[in-house]
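Trainee: Okay, here's the prediction I keep looking at, along with the sequence it came from:
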Protein chains: 4
Amino acid sequence: MNRDEVKRLLRTQHIETPSWAYGNSGTRFKVFAEPGVPRTPYEKIDDAAMVHRLTGVAPTVALHIPWDRVDDYADLASYAKDQGVAIGAINPNVFQDDDYKLGSVCSPDPKVRRKAVEHLLECVGIARETGSKQLSFWFADGTNYAGQDSIRARQDRLAEALSETYAAMPANMTMLLEYKLFEPAFYQMDLPDWGTSYMHCLQLGPQAKVLVDTGHHAPGTNIEMIVAVLLRAGRLGGFHFNSRYYADDDLMVGAADPFGLFRIMHEIVSASAMDGVAFMLDQCHNIEGKVPALIRSVMNVQEATAKALLVDADALTRAQAEGDVLSAHGALMDAFATDVRPLLAELRDEMGLHLDPMQAYRESGYQQRIVAERVGGTAMGWGA
Amino acid sequence: MNRDEVKRLLRTQHIETPSWAYGNSGTRFKVFAEPGVPRTPYEKIDDAAMVHRLTGVAPTVALHIPWDRVDDYADLASYAKDQGVAIGAINPNVFQDDDYKLGSVCSPDPKVRRKAVEHLLECVGIARETGSKQLSFWFADGTNYAGQDSIRARQDRLAEALSETYAAMPANMTMLLEYKLFEPAFYQMDLPDWGTSYMHCLQLGPQAKVLVDTGHHAPGTNIEMIVAVLLRAGRLGGFHFNSRYYADDDLMVGAADPFGLFRIMHEIVSASAMDGVAFMLDQCHNIEGKVPALIRSVMNVQEATAKALLVDADALTRAQAEGDVLSAHGALMDAFATDVRPLLAELRDEMGLHLDPMQAYRESGYQQRIVAERVGGTAMGWGA
Amino acid sequence: MNRDEVKRLLRTQHIETPSWAYGNSGTRFKVFAEPGVPRTPYEKIDDAAMVHRLTGVAPTVALHIPWDRVDDYADLASYAKDQGVAIGAINPNVFQDDDYKLGSVCSPDPKVRRKAVEHLLECVGIARETGSKQLSFWFADGTNYAGQDSIRARQDRLAEALSETYAAMPANMTMLLEYKLFEPAFYQMDLPDWGTSYMHCLQLGPQAKVLVDTGHHAPGTNIEMIVAVLLRAGRLGGFHFNSRYYADDDLMVGAADPFGLFRIMHEIVSASAMDGVAFMLDQCHNIEGKVPALIRSVMNVQEATAKALLVDADALTRAQAEGDVLSAHGALMDAFATDVRPLLAELRDEMGLHLDPMQAYRESGYQQRIVAERVGGTAMGWGA
Amino acid sequence: MNRDEVKRLLRTQHIETPSWAYGNSGTRFKVFAEPGVPRTPYEKIDDAAMVHRLTGVAPTVALHIPWDRVDDYADLASYAKDQGVAIGAINPNVFQDDDYKLGSVCSPDPKVRRKAVEHLLECVGIARETGSKQLSFWFADGTNYAGQDSIRARQDRLAEALSETYAAMPANMTMLLEYKLFEPAFYQMDLPDWGTSYMHCLQLGPQAKVLVDTGHHAPGTNIEMIVAVLLRAGRLGGFHFNSRYYADDDLMVGAADPFGLFRIMHEIVSASAMDGVAFMLDQCHNIEGKVPALIRSVMNVQEATAKALLVDADALTRAQAEGDVLSAHGALMDAFATDVRPLLAELRDEMGLHLDPMQAYRESGYQQRIVAERVGGTAMGWGA
């Protein structure tokens, strides 16, 4: 692909940031508070808009309900528009009420299941009101002890809840169904792997697709393999990007395994699927500044994408066809070894952006401003 | 379930032993030779028949082609019948010719793919001739290096090969499609997980089902969850049982994780699926005696099954419905804590067997006899 | 070992419960509140005393400072004594102040390190005041991103802090040094494995020993191997028992891997080390009742110990010496297959206890009483 | 570090290739034969010399005994010298005789242990004769089943064997003690982790150091942490480099995790330890050409080293001291993002080498020559 085509595609790539990543987050051991953190969903949108202003490729922000509950969602959407961004995926939360101790849509208690489904339906409504086209569903449901509940019965309950919600979606809305191996449940999760999500999506219909969170797999899982298989089946909805060394560490995407991120992007580029897939971040910035961490994360996705676009597809395909292992591998590695920072600086220049968004942020005074202005009130937090 | 019903079900459980487990096996570092190992498929059947004579629940033996290639399969089946056993699943081998260096049905070379499909079709024929109703397909296909081949193209080739083979199967035959995370390929396997196997089975039709080898998962994978989900979808074909601490260690089933085996059997019992599932062993006895290791393995599956059958289903269901975590878990653990060896001795007594198959083997003189008789010729080996 | 000797040893085994396990706990996603949870360290001691009254083998309770900070530690110790228990290990907490965002004793900031060391020294004092002989040190220190800090400099700081604290310990006090692979730090922990703990213990002196938390290892780690090696080196201080399927799940010990627990106890019994090792629980009861969960956990350790004591050591040693793999393994498995609940009931009967502590708890009315009495005030929580 | 200093250090880096990597290798499923593979240790040296001629930084080749057994080691060393290389580490093999089924130096059978120690002593002699200064010890010892042997007794036997061998070493020889989590033993390995190797090294004396094989760890293990800790203790002997996605995959170093390799090199550079550490490859080229795979591997180590040398140490240290997480991480990532291929081409030019060793190999006609010449005889293989 020539340099101009690479830049053209990079310009069209949209990377969604999550509202919750602008708030405080942490582990079960401690949530460290940071000054300047948003106190309202509106302030989160301010931060997301700042990330978009500096990177040019982060035009939407995902909401998490009820963390981002407001009285008037149309007003929130309008506010976002004024800041230059739009509302992205709507993420329901069915894991933080005391009722959900034994699960939400999979709970043995029908009243709890009803409550959970009502919240899912509420989120369909919020998506309509905010103009969002995507519901992003992650369920914390599962059990901690063998025998605690019937795995099979929980699948039936899950299918029923999803089915009712799916029926309520308008035709232009997509349900993205996320899976996770473990945490917060430690014996089994009700949607532990892509296979289970895929099975439910098939039953639901074409508007249901699988969402891949890059931190939600067992050690050793080849994520780009899942990406390739789901793309082939037309069921890859998108990503929750982040990176990890161990479990669901939720570090900045590209920080722990830049080569892995590149391999994922290579599968997407190979399948010409750049615009069919939702690129969303889902991270926790426990010890680093939130806004700059998100800027850096967006840049990391861009760099991996640029490298993937630079792969010499002809050379690669030829070597693959000839069974020339070292040359085929070499064609991929040549792209990964390339320093794409100059190319991206060039792109930013063409887009009227600062060549280095990190430096631009430091020079902007934004951080000092939010620290000064956001005093009083309650800082928003992941999980609050 | 009352004691008699438990015994009745245990009596009907069939555990298939694999012909290759009677031969020498090892790791890439060394295959240690053991005296008395079979030199022909007929001698393997002798050993399998011995295991069945002592345990009463291992009436079939799986074949591996070409390791068990003979001129006259009908004769082999007839010989088996005379020894009191029958031919079980037919396992093709498309990984040990030099042609298969870059894969078999997924190879970039169409001639290699053709050769592989021809072998699969040959195995359909062998199943017909031996009266076997099951094809058990495991593919070593995959790549070692990122970029080596197109993941997606390989999926297409796989689908095509399976489709042609499926079309050749008679209506009463089942294709069991196995998956494996890694080894012998170390970047990606073309069938790495149950989701990919399931996806291909769906495309093929109702005679294709997923085969779960208990050693073929990433660390931390909850296998009984997969079992439950596949049973619910009607696509669990059966098992290749073995046990492991690390990777595909192929140790005796129940030796490394007896509690995990019990949890698997609990899902099957809960789904009343005891007879719809093929219980097959797939193990390597690298350092222990092969025949007694298989006897012990069959006993281990029986013990886990007996414990699963002894679960107080009413107490369990009640506690689950009440959300009583400790009591529900306790109901399961009570069954696991039970010493079922007396029950199994009773069952064996009723079946006219020695109460302790291991002791019966030691007392039988069989081992001494095969060591004495099986001299000259080439000992058969796993991978040879 | 004969039955009487087994019972005698079981009677002498002491299993310490942790004060924090009686409070609320959870994951980063949610801490579910339970009625009746203690509001003060004194109420935690009440609960621990109840566990000891019913099991007879849990005579001490570990404290966590500052969660269990009181004005008068001598009074707390005296109160415990009145309830029939004693204060066990003192656990400092150097991870929940905002100052500790980048570490405690390993922080790049010398003022933070000073603060952390002062807290360690305070805990030496609390141990003196409460009559405790053990300091149990776990550090959450580590980094999230490659390059964030110098791994080597952090080791130097750690060594310095430990050295100062060690020097302040009286001669009859032991420093137990815990390690953990990951969480809350996700790139590297400063004490990630037993080797690093051991290295620091060697430098400190004979009063420093390694503490093994069974949930703090990489997947596949053979924990009993670590136990055996540390026992041989005279450096196994004790355990933080719990169980897990995935990461540091902190489930009830014996719930997820009863066979693994048995193998650990077998190493201890084989080394005749029953009284040189501290058996401590460290668990989170996120969704189950806390007091009964701890009773059950104590029972699980007892059952595993009983099975380990029942191993036919002569038969085992003989088969091992002969290289008889199946018989040696069989000797171990025979003990594991044994139902030891009758033996433990007999022991409890001899100790004047109810035969079934779980049932005794249900019948005691204790749960109803604490739910009724403990209203108002703030429920204590893990991490609060 | 300035560019000239970087190049100076890169020029001094020595990367040892292993004789066995030039022969055929594979998995337990199949060893694929490649034409042109060496038939004698002399031909292996020819290949190693070719790798050195093209890369300029691979001046030694490790031997594996008995795979490389010759009548006259002085002659072999002299032959190597004539080809421009020298004999590197001597690797004994105590895992491929039938005697070693239950272990070598840890076997329960004293005769087997004696035989193993004699072989170790033989290797001390071979090191003397070939002028090698390093013994590289890896033991396949371990057990497959819980109870199979006494873990503790095996440690005692190991210590005894190492001690006798250590005593026979001349003062200028180093014993490098390797560890491995699993394979070929699947319950426990007698040297499973760096801690156990370190413990034995401490007991032996200053000439014993730990050897880190990058493929021998549990999933999630932070290898650079081990490197840092061992360097600090003065006990890092060196590496067996390779790369992996899953287990001990033995892929080309840098192929699966280039960022991980860089992080390891960063620890070494940070500790100014470039010349105290043995950089050795230990790989299996199952499906790719052996000589070019080794050239590529040497280049991969060079690239990672170059990036590590380019880290702006001042900026890094400053950001670390300030607790500026993003800048510190950024300083490291900037070096990793750099394309060092031009710098290495420049270095090669200065060394009188072809700028691209892979292309130089293709143009050399060497591969065609060995395929043509090496017919007849038995191709050497890993494990043969």
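Mentor: Sure, I can see it.
Trainee: CA atoms for contacts and neighbours, from now on please.
Mentor: Will do.
Trainee: Give the closest residue to residue A:172 in space, chain neighbours not counted.
Mentor: Residue nearest to residue A:172 in three dimensions, not counting chain neighbours: residue A:133, with 6.5 Å by C-alpha to C-alpha, 6 or more residues apart in numbering or on different chains.
Trainee: So what does that neighbour look like in phi/psi?
Mentor: Backbone geometry at residue A:133, expressed as degrees, to the nearest 10, gives phi -100, psi 0.
Trainee: Now do it against residue A:64, distance only.
Mentor: Between residue A:133 and residue A:64 the distance, using C-alpha to C-alpha, to the nearest Å, works out to 15 Å.
Trainee: what does the stretch 51-200 of chain A have sitting close to chain C?
Mentor: Contact residues of the stretch 51-200 of chain A with respect to chain C, defined by C-alpha under 8 Å from any C-alpha of the partner chain, are listed as A:95-96, A:98, A:101-102, A:144-146, A:182-184, A:186-187.
Trainee: 10 Å - rerun?
Mentor: For the stretch 51-200 of chain A, the contact set with chain C under C-alpha under 10 Å from any C-alpha of the partner chain comprises A:95-102, A:140, A:143-146, A:181-188.
Trainee: next one: the stretch 201-350 of chain A
Mentor: So the stretch 201-350 of chain A meets chain C at A:218-219, A:244-252, A:255-256, A:285-288 (C-alpha under 10 Å from any C-alpha).
Trainee: still on that earlier bit, pull the contacting residues for the residue nearest to residue A:172.
Mentor: By C-alpha atoms under 10 Å, 6 or more residues apart in numbering or on different chains, the contact set of residue A:133 is A:87-90, A:124, A:127, A:169-175.
Trainee: What distance do you get for residue A:245 to residue D:86?
Mentor: With C-alpha to C-alpha as the criterion, residue A:245 and residue D:86 are 39 Å apart.
Trainee: now residue A:297
Mentor: Residue A:297 sits 47 Å away from residue D:86, taking C-alpha to C-alpha as the criterion.
Trainee: Show me the shaky parts of the stretch 101-250 of chain A.
Mentor: In the prediction, the stretch 101-250 of chain A carries no residues with pLDDT under 70.
Trainee: Quick one: the strands in it, in order.
Mentor: Counting by DSSP state E, counting those that start in this stretch, residue ranges of the strands within the stretch 101-250 of chain A are A:134-137, A:142-143, A:174-178, A:188-189, A:208-213, A:236-241.
Trainee: residue at max distance from the center of chain A?
Mentor: Residue distances from the centre of chain A (C-alpha atoms, centre = their mean) peak at residue A:322, which lies 37.5 Å from the mean C-alpha position.
Trainee: wait, that one sits on residue B:109?
Mentor: Yes: under the criterion of C-alpha atoms under 10 Å, residue A:322 is in contact with residue B:109, at a separation of 8.1 Å.
Trainee: For residue A:2, the count of nearby residues, please.
Mentor: Other residues near residue A:2 come to 10 when the count uses other C-alpha atoms under 10 Å in any protein chain shown.
Trainee: same deal with residue A:233?
Mentor: Each residue near residue A:233 was counted by other C-alpha under 10 Å, and the total is 11.
Trainee: list the contacts for it?
Mentor: Contact partners of residue A:233, counting by C-alpha under 10 Å, 6+ apart, are A:198, A:227, B:199.
Trainee: Against residue B:202, how distant is it?
Mentor: Distance from residue A:233 to residue B:202, by C-alpha to C-alpha: 12 Å.
Trainee: Stretch A:286-304 close to chain B?
Mentor: No: Stretch A:286-304 lies apart from chain B when judged by C-alpha under 10 Å from any C-alpha; the minimum separation is 14.8 Å.
Trainee: Run the chain-centre distance for that stretch.
Mentor: The gap between the average C-alpha position of stretch A:286-304 and the chain average comes to 13 Å, counting by C-alpha atoms, centre = their mean, to the nearest Å.
Trainee: avg pLDDT for it?
Mentor: Confidence over stretch A:286-304 (mean pLDDT, whole number) is 98.
Trainee: CA atoms of that stretch as CSV?
Mentor: Coordinates of each C-alpha in stretch A:286-304 appear next as CSV, following Å, rounded to 0.1, in the frame of the first residue of the first chain:
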residue,chain,number,x,y,z
ASN,A,286,-4.5,3.5,38.0
ILE,A,287,-1.2,5.4,38.5
GLU,A,288,-0.8,7.5,35.4
GLY,A,289,-2.5,10.7,34.3
LYS,A,290,-5.8,9.8,32.6
VAL,A,291,-6.0,12.2,29.7
PRO,A,292,-2.4,11.8,28.6
ALA,A,293,-2.7,8.0,29.0
LEU,A,294,-5.6,8.0,26.6
ILE,A,295,-3.8,10.2,24.1
ARG,A,296,-0.9,7.8,24.3
SER,A,297,-3.2,4.8,23.9
VAL,A,298,-4.8,6.3,20.8
MET,A,299,-1.4,6.9,19.4
ASN,A,300,-0.4,3.3,20.1
VAL,A,301,-3.3,2.0,18.2
GLN,A,302,-2.5,4.3,15.3
GLU,A,303,1.1,3.1,15.2
ALA,A,304,0.2,-0.5,15.2
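Trainee: do that stretch and chain D meet at all?
Mentor: Yes: figure legend: stretch A:286-304 in contact with chain D (C-alpha under 10 Å from any C-alpha); contacting residues A:287, A:288, A:289, A:292, A:293, A:296, A:303.
Trainee: List the contacts of residue A:319.
Mentor: Contacts of residue A:319 by C-alpha under 10 Å, 6+ apart are A:313, A:325, A:326, A:327, A:328, A:329, A:330, A:331, B:147, B:148, B:149.
Trainee: Turn these into TSV, including neighbour count, distance to chain D and secondary structure.
Mentor: Shown next, in TSV, are the contacts of residue A:319 (neighbours: other C-alpha atoms under 10 Å in any protein chain shown; distance: C-alpha to the nearest C-alpha, whole Å; DSSP: H, G, I helix; E, B strand; the rest coil):
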residue	neighbour count	distance to chain D	secondary structure
A:313	17	19	helix
A:325	23	6	helix
A:326	20	7	helix
A:327	20	10	helix
A:328	25	11	helix
A:329	20	9	helix
A:330	21	9	helix
A:331	22	12	helix
B:147	25	11	coil
B:148	26	10	coil
B:149	28	13	coil
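Trainee: Noted, bye for now.
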